[in-house]
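1. the sequence and its predicted three-dimensional model are supplied below.
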Amino acid sequence: MNFLYPLMAVLIWSFNAIVSKVSANVIDPAAISFYRWLIALVALTPFVLPAVWRNRTQVRQQWWRLLTLGLLGMVLYQSLAYYAAHSVSALSMGILVSLIPLLTVLISIVLLKVAPTLGILIGSVLSFGGLVWLISQGSPERLLTQGMGTGELMLFAASTSYALYGVLTRRWAIPLPNWQSLYVQIVFGVILLLPGFLLAKDVALNAHNLPLVLFAALPASILAPFLWIQGVMRMGASTASIFMNLTPVFTAVIAVLFLHEKLHSYHFIGGGVTLCGVILAQRLRTPLRIGKTARATADP
């Protein structure tokens, strides 16, 4: 039953994509971004703050790294997604966000010196082709005349930001337990989001947007990470990461059922090719330089 932990986490995050889309019509993106992390911070404080205070020396030593992670994971990733929801369908959001594992691998080549593989090469080409087909709605020539939409660019930037967040988390290996590190990142995130919140025109909470804010703040920001961490602990990071590939599938089903969005052939083709590329990049680990290595071994 260990598979239920990452499965439920991915399901919650898929629902959150729908929440992001619905929120575009009822609350300012700057407002939901701020409220989301403020409520999560308040909810975590009684449980995490005492331990963070005991480890305040490590927090002071690592503050700039925690600030950077808060900027990437809590501010840029979430805020850009909320703004993008104004012009991008939930179906497309799910597919574009599914690029995060591939982008993580690509950034790891640069920052973690991970050896490139055949899977990364083929997967990158496939995913790029799938995205072109998706964004152009099956007419790639459109991109030559119209270019990518602002919403798609925002989502790609958001996915890149979160991929960089994941790579830096591994590279820095901050000497704090997961929840304490996350808590301090949220503190910095709330501080960084405050100016945008204060400048927003309408930040009022009401019966229409409060449930969306609460879902984003509690299940999506606290429960899902808890379930994911439990899944990684029980199954290993490599096995758990496979479940992330279900995100576009879950998001598509939820979008069709609850938002009545229409599935088109370009969703199936573009999304399917993109997902195949991501899976290949994760699973096909044949080194790109295997030919050179073999020749070097054979030479006297």
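-> Structure received.

2. do a quick rundown of the strands in the stretch 151-300 of the chain.
-> Counting by DSSP state E, counting those that start in this stretch, the stretch 151-300 of the chain forms no strands at all.

3. so where is it shaky, pLDDT-wise?
-> Within the stretch 151-300 of the chain, the ranges that satisfy pLDDT under 70 run 238, 289-300.

4. first-to-last residue distance for stretch 254-271?
-> 16 Å (CA to CA, to the nearest Å).

5. leaving out the residues flanking it, which one is nearest to Gln137?
-> Tyr266 (5.0 Å; CB to CB, 6 or more residues apart in numbering). Every C-beta, even on glycine, is put in place using the N, C-alpha and C of the backbone.

6. ok, that neighbour - how many residues close by?
-> 17 (other CB atoms under 10 Å).

7. before we move on, what about the one 3 residues further on?
-> With neighbours defined by other CB under 10 Å, the count for Ile269 comes to 15.

8. now do Asn16
-> By the criterion of other CB under 10 Å, Asn16 has 22 neighbours.

9. was I right about it contacting Val213?
-> No. Under the criterion of CB atoms under 8 Å, Asn16 makes no contact with Val213, lying 11.6 Å away.

10. quick revisit: how close does the residue nearest to Gln137 sit to Val132?
-> Per CB to CB, to the nearest Å, Tyr266 is found 10 Å from Val132.

11. how many residues are close by Ser265?
-> Neighbour count of Ser265, defined by other CB under 10 Å: 10.

12. coming back round to it: list the contacts for the residue nearest to Gln137?
-> 133-134, 136-138 (CB atoms under 8 Å, 6 or more residues apart in numbering).

13. what is the subsequent helix or strand relative to the lengthiest helix in the chain?
-> Ranked by number of residues, the top helix in the chain under DSSP state H is helix 29-54. Past helix 29-54, further along toward the C-terminus, the next helix or strand under DSSP states H and E is helix 56-61.

14. and for that next one, what's in contact with it?
-> Against helix 56-61 from outside (CB under 8 Å, 6+ apart): 52, 66, 174-176, 184.

15. now the buried members of those residues.
-> 52, 66, 174, 176, 184 (16 or more other CB atoms under 10 Å).

16. reformat the residues you listed as TSV; add distance to Thr286.
-> Putting these into TSV (distance: CB to CB, whole Å) gives the following:
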residue	distance to Thr286
Val52	44
Leu66	37
Ile174	33
Leu176	37
Val184	40
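
17. among these, which lie within helices?
-> Those of the buried ones among the contacts of helix 56-61 lying in helices (DSSP H): 52, 66, 184.

18. between those residues, which is nearest Ile27?
-> Val184 (26.5 Å; CB to CB).

19. mind checking how far His267 is from Ser108?
-> His267 is 29 Å from Ser108, by CB to CB.
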